[in-house]
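Visitor: Just a sequence and a predicted model for now, questions to come.
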Amino acid sequence: MNFDMSIKNNLNTIKSALPNHVTLVAVSKTKPVSAIIEAYEAGQRVFGENKVQEMAQKQEQLPKDIEWHMIGHLQSNKVKYMASFVSLIHGVDSFKLLKEINKQALKHNRVIDCLLQLKIASEDSKFGMTYKNAKALITSEDLLDLKNINIVGVMGMATFTDNEAQIKQEFTNLKTHFDALKLSTSFNCNLSHISMGMSGDYKSAIDCGSTMIRVGSSIFGARNYTI
């Protein structure tokens, strides 16, 4: 099987098994434009990147009906480079970052959709806010001033472990937090998405309530760290 066909086949295999309510984000970080084009020609339109500059460069070269998701940790000073086109920012972990997204979205007369990243993993290396902080954020009167952002859900990353029971518990915790946060939302919150699950654990994530999975290596093959 050649590389081109494998991307198409991998996509078709994954999509054929996905429930209708689950969005597949093809994680194209470190992958060349040619690989993204292969996925695009196979019908994929939603792609995820974890570095703003890399995403901006690819966005310039690729069809404009692609929906770009920022899935990595985001620094406030990088928001301006993608504010004109990004469709969804997964990793919002502070009110400061939300304010900057709102500021840059306003410059482009856009409303940018965001997910609050909650820390569900046991690893210190994982980013994200606590449920308590997330609830405080979405019930804050200060949020009412941010008219160019729309909080549409939550995102979480499970611990990198072979312990399936632990992963499932972490996913279940995120779904529980999501359900609780839905009861406390303000006017610029419309919680409908739970972004959890990657190549190794997305089936478990879907079972636990995920509506959006971030899959890279199962589509494109092993990641290339030399780019």
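Guide: Happy to help now that I have it.
Visitor: ok, the residue nearest to Ile138 when sequence neighbours are not counted - how many residues close by?
Guide: Closest residue to Ile138 in three dimensions, ignoring its sequence neighbours and counting by CB to CB, 6 or more residues apart in numbering: Cys189, at 5.3 Å. Glycine gets a C-beta too; all of them are placed from N, C-alpha and C. Residue crowding around Cys189 was assessed by other CB atoms under 10 Å; the count is 21.
Visitor: My guess is Cys189 contacts Asn150. True?
Guide: Yes: between Cys189 and Asn150 a contact is recorded at 7.5 Å, counting by CB atoms under 8 Å.
Visitor: Using the three-state scheme, assign Gly153.
Guide: Secondary structure state of Gly153, per DSSP: H, G, I helix; E, B strand; the rest coil, is strand.
Visitor: which element is the nearest residue in space to it that is not next to it in sequence on?
Guide: Spatial nearest neighbour of Gly153, excluding adjacent residues (CB to CB, 6+ apart): His193 at 3.1 Å. Taking DSSP states H and E as the definition, His193 sits inside strand 189-195.
Visitor: Show me what that strand packs onto, helices and strands only.
Guide: strand 149-155, helix 164-182, strand 212-215 (3 or more CB pairs under 8 Å, 6 or more residues apart in numbering; DSSP states H and E).
Visitor: let's go with 6 Å and repeat that
Guide: Packing partners of strand 189-195 (3 or more CB pairs under 6 Å, 6 or more residues apart in numbering; DSSP states H and E): strand 149-155.
Visitor: which residue sits closest to Leu74, ignoring its sequence neighbours?
Guide: In this structure, Leu74 finds its nearest non-sequential neighbour in Gly91, 5.3 Å apart by CB to CB, 6+ apart.
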